[in-house]
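S.K.: Dropping a prediction and its sequence here:
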Amino acid sequence: MVAAQFGAGQVAYSILWFFLFFVEIWLMLSVFIDVFRSHDLRGWAKAAWIIFVLAVPLLGILAYLIVRGDKMRAHQLHASPWREGVPGAPTSGPGYQRSVVEDLHRLAELRDRGDISADEYRRLKEHLLGDHGI
């Protein structure tokens, strides 16, 4: 009987609210994943963000996106298993960080192929190790 009383506008309104609820849950899960993925946040800071997002969901999600939104993308790119070897996958840009080991491996490949000389390899290797304090 309830379905017979619903008009087209009420159905569209109900679908809209369901969609918005789904988006809120999705954003909340994205925030939780990023909070636990963040190595720069300590335990109490993680707990505070989780409690804030659970206590006041819309305001908490919005605050997290404003305060730490730029780091979310960096964490997502860093955790992606498809960073290299896939056409179109990001291999540079904001948030992408290669390790020194990856850079040294690439330099060794260039040296082995003959693209750079042994002297250039040594100079670039010293530059890489000097930048990272190794």
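M.R.: Now that the structure is in, tell me what you want to look at.

S.K.: where does the protein dip in pLDDT?
M.R.: Along the chain, the parts satisfying pLDDT under 70 run over 1-4, 79-98, 131-134.

S.K.: Longest helix of it, counting residues only.
M.R.: The residue-count maximum for a helix in the chain (DSSP state H) belongs to helix 8-37.

S.K.: can you give me the offset of it from its chain's centre?
M.R.: 20 Å (C-alpha atoms, centre = their mean, to the nearest Å).

S.K.: what's the answer for stretch 111-124, then?
M.R.: The chain centroid and the centroid of stretch 111-124 are separated by 34 Å under C-alpha atoms, centre = their mean.

S.K.: circling back to that earlier point, counting contacts, what elements does the longest helix of the chain pack onto?
M.R.: helix 43-55, helix 57-79 (3 or more C-beta pairs under 8 Å, 6 or more residues apart in numbering; DSSP states H and E). Bear in mind the C-beta positions are built from the backbone N, C-alpha and C, glycine included.

S.K.: starting at the chain centroid, how far to the last one?
M.R.: So that's helix 57-79. Distance, stretch centre to chain centre, for helix 57-79: 8 Å (C-alpha atoms, centre = their mean).

S.K.: No further queries at this time; thank you.
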